[in-house]
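Colleague: Structure for the following, please:
(one chain, ligands or ions: 1)
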Amino acid sequence: MAIPTIHVGCTHFAHGRLQAQVNSHGFEPVACVDINLEGAKRGVESINGAPEGLSERIYTTITEAKEKHAEAQACLIYASTTVHAELIVESLNLGMHTLCVKPIATTQAEFHDIIQAHKANPGTILVQGQNKRWNPAAAKMREWLREDGGIGEMLGGECRFWIRQNLFTGPDSRQPDAYVDGLYFHAGCSHQLDQLVGAKGLPKYVTAQVHNRRDPALGQIDAWGTAGGNALMEYDNGAPFTYAGTRAGHMGAYGWSGSWTFHGEEGDLRRDGGHLQLFRTGQNIEDLTLQDLHGGLIEDDRLQFDAFAEAIATGKDREWIQDSTLGTWILMEACNESARTHERVDVKVFAKKMLA
Ligand SMILES: NC(=O)c1ccc[n+]([C@@H]2O[C@H](COP(=O)([O-])OP(=O)(O)OC[C@H]3O[C@@H](n4cnc5c(N)ncnc54)[C@H](O)[C@@H]3O)[C@@H](O)[C@H]2O)c1
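Modeller: Coordinates of the predicted model:
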């Protein structure tokens, strides 16, 4: 039986996530939340296959939605970035399993508030939504990195990311990434490095810098750390992993998934978007082209939501889905910490402090 949910955010990008939830097998939205009731009603009415009467069950707060629909067990949050932390705390304190799209927090203080609320509600699963680890190409890369038949122990690797993203959403409005500091790592980069954390866990150390580029045509005017960044990660076995990314680039060949190489004891892996190759002793032993991101990311989020629903219903991959996605937030913040202080950050010590 599908798990009853409350869906937060019904217009713009959030609207497609409601469609993904309706398309999922594991979830059934029983109520929606949005501060823009009129826009939300139009949004819910245009969802294909929405549960009957859902457009009459839209509220302005999660608390009111839960009061009216006590059966809701999970809450999926797709509101604007700057309200994520307070909405997550509200949802956890109502006893609901909670998934909120990245970044769940924009500061360390917000992250602490979330962790305190999660500790106060230990039966709940808390997930930072990251839709780019779920498509078949990303899943195959993870398999070759983690399982027998792939590269074996990782000895080193790299990821390159190059897009051009306009942070203007209208003549007078911009994405929060344009005015909230540090959102290159938490928003642009997290889409790639979440896949690394999902496969290999957290590195032992990270050293990072942000790009100082300001491109007013893209809305990059005030914020620190929004255009791009570089990072050097060091894993427990000494394996280095390097990252270089920009969203102030020009033509992008591989889009949001990035271009990757990994070197392992038993083989080497190369991935450009949906194209994956596995090499062993100089031979290309597998060459695959798999589905990368779907247009609109609705199928990507459908896959994510079904995995979250399964973690709630059966416990499958519960720790992995929670710990590795929170781990991505911690690693991205460790990159910001390193870029601010010009120091190498001990990620395990930093994670302990963030989760205290
Ligand atoms: N993972 C990805 O691939 C990806 C892509 C695009 C956007 N995003 C993220 O998804 C989130 C939503 O993006 P968007 O463009 O739809 O944002 P948005 O600012 O348009 O907000 C979405 C909806 O949330 C509502 N809302 C705002 N504050 C609220 C509150 N306090 N309570 C309830 N509802 C509230 C708004 O009225 C709006 O209808 C953002 O955090 C964005 O960064 C993720």
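
Colleague: quick one: what helix or strand has residue 277 in it?
Modeller: Element membership for residue 277, per DSSP states H and E: strand 275-280.

Colleague: quick one: strands adjacent to that strand?
Modeller: strand 268-272 (antiparallel), strand 283-289 (antiparallel) (DSSP bridges).

Colleague: Could you check how far stretch 313-322 is from the centre of its chain?
Modeller: Mean-position distance between stretch 313-322 and its chain equals 16 Å (Cα atoms, centre = their mean, to the nearest Å).

Colleague: got the buried residues for that stretch?
Modeller: Neighbour-count burial for stretch 313-322, counted by 16 or more other Cβ atoms under 10 Å, picks out 318, 321, 322. (Each C-beta comes from the backbone N, C-alpha and C, glycine too.)

Colleague: Centre-most residue in the protein?
Modeller: residue 130 (2.4 Å; Cα atoms, centre = their mean).

Colleague: ok, the nearest residue to that one once chain neighbours are set aside - how many residues close by?
Modeller: Distance criterion Cβ to Cβ, 6 or more residues apart in numbering; nearest residue to residue 130, sequence neighbours excluded, is residue 194 at 4.2 Å. Counted with other Cβ atoms under 10 Å, the neighbours of residue 194 add up to 25.

Colleague: Tell me if residue 245 really is in a helix.
Modeller: No - judged by DSSP: H, G, I helix; E, B strand; the rest coil, residue 245 forms no part of a helix; its state is strand.

Colleague: distance between the ends of stretch 29-46?
Modeller: Start and end residues of stretch 29-46 are separated by 15 Å (Cα to Cα, to the nearest Å).

Colleague: swap in stretch 335-352?
Modeller: 16 Å.

Colleague: so how far is it off the chain centroid?
Modeller: Here stretch 335-352 is found 20 Å from its chain centre; the criterion is Cα atoms, centre = their mean.

Colleague: now do stretch 78-95
Modeller: 15 Å.

Colleague: in that stretch, what counts as buried?
Modeller: 78-79, 81, 83-85, 87-92, 94.

Colleague: Residue 22: which of these is nearest?
Modeller: Proximity of these to residue 22 (Cβ to Cβ) peaks at residue 78, which lies at 13.5 Å.

Colleague: No further queries at this time; thank you.
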